[in-house]
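*Asks:* Turn this into a structure:
(chains A and B)
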Amino acid sequence: MSFAMEPYLALLLIGFLPSEAWRWLGMLVGRGLDENSEIILWVRAVATALVAAVVARITLFPPGALAAVPVEVRLAALGLGFLAFVIFRRSAFAGVIVGEAVLIGGAAALAQ
Amino acid sequence: MSAPPAPEPLIASGGFVLGCRTALTSVFAFVISFTYIGFGALCHDYGLSMGWAMLSTALQWAGPAQVILVTGLGPGTSLIETAVAVSLSSVRLLPIVVALMPVIRQESTRLWQLLVPVHFMAVSVWIETIRAAPRIARDQRIAFCNGVGLTLLSIGVVFTAVGYTIQALLPAVFAAGAMFMTPISFLVSTARNARLLLDKLALGLGLAIGPLMAYSKVDFDLLWTGIIAGTVAYGAHRLQRRWRPAS
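*Replies:* Next comes the predicted model:
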């Protein structure tokens, strides 16, 4: 299949359903579990590691416009953002703002 | 038996409103605004309608998957491949929802009552709910989750429209900054929630193994990273408990 599908149908079939299926599956699997069970600890570790994997993937293999920013700038933004988070008493705001400032500042400086 | 520690005062009512307030003052209100301005502008670039862009945010509610869908809709790309890529990029939703279920549900909760909070579920809503849940009475947690989720999703939908409208005014570097919101906010907010060795190790190992998996072009790299790093972190947590049973 290589035709442009009707956009709203595509949104439903290849946008909504493939993502939502994970939520429904998670609801069915997680419904019977105990909050203090061992399996929940493992699931939490897997969830955290998966979020970390998303961080690494988007930083190293970014989509579209972010790919135009050199990888060194992306890594520096992630690292300095994290450093700011640590320095400013675990403030997520500080981490995000410093990370973004480094990314945008670095990209703008290199574009000159 | 020693006396249990005095419980912190539980929030026993108004879970929904508290959820809305928590969302508005969280870092994610800011992060989601910028992320979705970027997404709205991207939809404009690709010639989609504003209504489509807003509906995508309301229905998909998963930034990376939305970008994959928009960029994969054009002629020449396989729809099956796009669907698989969308699905794989959202696999994080599975363990997040599994981990959340026992936190928010009660014995009496019906399946349909979980459909709404589950649709809102995203890394942002998960992080805010897990963080606040110990202070909130169990029967208020679904309402809290709905408050956080509805507020953040509404911000996402509104700023999708804003981004679509002001697309021409945005500097070139804006799109890159908007896309970077996801990794930087996921990193620092997950780190902020990581109190146990289990969470810290899972985060660190995920950051270490993720690039190895991605560079090796392994299929399902996100899923494998989650399972391997998560299992190693869990194993280390069990060992630590055996050595120091008191902690």
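*Asks:* Which SSE is immediately downstream of the helix or strand of chain A with the lowest mean pLDDT?
*Replies:* When each helix and strand of chain A is scored by mean pLDDT, DSSP states H and E, helix A:7-10 comes last, with a mean of 92. Using DSSP states H and E, the next helix or strand after helix A:7-10 towards the C-terminus is helix A:17-30.
*Asks:* Return the residues in contact with B:Met213.
*Replies:* B:Met213 makes contact with A:53, B:221-222, B:224-225 under the criterion CB atoms under 8 Å, 6 or more residues apart in numbering or on different chains. In short, each C-beta sits where N, CA and C put it, glycine included.
*Asks:* redo that, cut-off 10 Å
*Replies:* Contacts of B:Met213 were listed using CB atoms under 10 Å, 6 or more residues apart in numbering or on different chains, and they are A:53, A:56-57, B:206, B:219-226, B:228-229.
*Asks:* Can you give me the distance of it to B:Leu115?
*Replies:* Computed as CB to CB, to the nearest Å, the B:Met213 to B:Leu115 distance reads 33 Å.
*Asks:* Can you give me the domain assignment for chain A?
*Replies:* Chain A breaks down by automatic domain parsing into domains covering A:1-32, A:33-61, A:63-112.
*Asks:* Strands of chain B, residue ranges please.
*Replies:* For chain B, applying DSSP state E gives no strands.
*Asks:* Now do the longest helix along it: which elements does it pack against?
*Replies:* Assignment by DSSP state H gives helix B:141-165 as the longest helix of chain B. The contact analysis (3 or more CB pairs under 10 Å, 6 or more residues apart in numbering or on different chains; DSSP states H and E) places helix B:141-165 against helix B:15-25, helix B:27-45, helix B:50-60, helix B:63-71, helix B:93-104, helix B:111-120, helix B:123-132, helix B:172-193.
*Asks:* The third one: how far from the chain's middle?
*Replies:* Average the C-alpha atoms of helix B:50-60, do the same for its chain, and the two points are 17 Å apart (CA atoms, centre = their mean, to the nearest Å).
*Asks:* list the buried ones in that helix?
*Replies:* If you call a residue buried by 16 or more other CB atoms under 10 Å in any protein chain shown, then helix B:50-60 has these buried ones: B:52-57, B:59-60.
*Asks:* restrict those to those near chain A?
*Replies:* For chain A, the contacts drawn from the buried residues of helix B:50-60 by CB under 10 Å from any CB of the partner chain are B:52-53, B:55-56, B:59-60.
*Asks:* Leaving out sequence neighbours, find the closest residue to residue 104.
*Replies:* If you meant another chain, say so; for now it's chain A. Nearest residue to A:Ile104, sequence neighbours excluded (CB to CB, 6 or more residues apart in numbering or on different chains): B:Gly177, at 4.9 Å.
*Asks:* oops, I was thinking of chain B
*Replies:* Counting by CB to CB, 6+ apart, the residue nearest B:Ile104 is B:Arg141, at 4.3 Å.
*Asks:* is it true that that neighbour touches B:Gln113?
*Replies:* No. Contact criterion CB atoms under 10 Å: B:Arg141 and B:Gln113 do not qualify, at 11.5 Å.
*Asks:* Which of the two has more residues huddled nearby?
*Replies:* It is B:Arg141, of B:Arg141 and B:Gln113, that has more neighbours when counted by other CB atoms under 10 Å in any protein chain shown, with 23 against 15.
*Asks:* can you pull the contacts of that one?
*Replies:* B:11, B:15, B:19, B:100, B:103-106, B:109, B:117, B:129, B:132-133.
*Asks:* what's the pLDDT at the residue nearest in space to the middle of chain B?
*Replies:* By CA atoms, centre = their mean, the mean C-alpha position of chain B lies nearest to B:Val123, the distance being 1.3 Å. What the model reports for B:Val123 is a pLDDT of 96.
*Asks:* quick one: contacts for it?
*Replies:* A:47, A:50-51, A:54, B:28, B:62-63, B:92-93, B:96, B:182, B:185-186, B:189-190.
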